[in-house]
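>>> no sequence for this one, just the structure:
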């Protein structure tokens with residue numbers, strides 16, 4: 001069985017989650033990329049982007065879930081994360097069907 005444990009900081013988890021969500025429709029818009037970069041440092045973004053590109057979809061969601069569990073996020077922290085995700089999705093002016101599906105799926109997974 002694979003180990004999906006990471007040594008991410010809270011900010012790196014945020015960046016990874018936002019990258020995951022930005023890729024929901026398989027196109028990361030300039031606005032989405034800028035939104036993510038505004039939330040984390042350049043170095044955090046570069047590090048996480050490199051890791052994200054190496055991972056497949058299954059690994060990505062498992063790493064997100066494992067990190068959320070490791071940090072033992074409160075309901076308020078999860079709500080804050082989902083507000084950032086919503087803002088990311090709206091940063092390019094549209095919320096398409098794939099983004100809606102990813103949002104609902106993550107919410108179901110992470111608020112269990």
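Now that the structure is in, tell me what you want to look at. None of the values given here were measured: they were computed from a predicted structure.
>>> Now the residue minimising distance to the centre of the chain: which helix or strand?
Nearest to the geometric centre of the chain sits residue 17, at 1.0 Å (C-alpha atoms, centre = their mean). Secondary-structure element containing residue 17, defined by DSSP states H and E: helix 10-22.
>>> got it, and residue 68?
helix 57-71.
>>> Next, the buried residues of the next helix or strand after that helix.
Once the chain leaves helix 57-71, the next helix or strand it forms, by DSSP H and E, is helix 75-90. Buried residues in helix 75-90, counted by 16 or more other C-beta atoms under 10 Å: 81-82, 84-85, 88-89. Using the backbone N, CA and C atoms, a C-beta is placed for each residue, glycine as well.
>>> tell me what helix 75-90 is packed against?
helix 10-22, helix 30-39, helix 97-110 (3 or more C-beta pairs under 8 Å, 6 or more residues apart in numbering; DSSP states H and E).
>>> Output the below-cut-off pLDDT ranges for the chain.
1, 112 (pLDDT under 70).
>>> Apply 80 and report the result again.
1-2, 25, 27, 92-95, 109-112 (pLDDT under 80).
>>> pretty sure the residue nearest to the centre of the chain contacts residue 63?
No: if you go by C-beta atoms under 8 Å, residue 17 and residue 63 don't touch, sitting 9.7 Å apart.
>>> on that earlier part again, hey, what's the angle from the helix holding residue 17 to helix 75-90? Just curious.
With axes from the mean of the first three to the mean of the last three C-alpha atoms, to 10 degrees defining the directions, helix 10-22 sits at 40 degrees from helix 75-90.
>>> ok, residue 14 - contacts?
Each residue near residue 14 by C-beta atoms under 8 Å, 6 or more residues apart in numbering is listed here: 39-40, 81, 84.
>>> actually residue 98, not the one I wrote
Contacts of residue 98 by C-beta under 8 Å, 6+ apart are 24-26.
>>> now these: which count as buried?
24-25.
>>> I'd like the contacts of residue 98 laid out as a markdown table, including secondary structure and distance to residue 93.
Shown next, in a markdown table, are those (DSSP: H, G, I helix; E, B strand; the rest coil; distance: C-beta to C-beta, whole Å):
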| residue | secondary structure | distance to residue 93 |
| --- | --- | --- |
| 24 | coil | 15 |
| 25 | coil | 13 |
| 26 | coil | 18 |
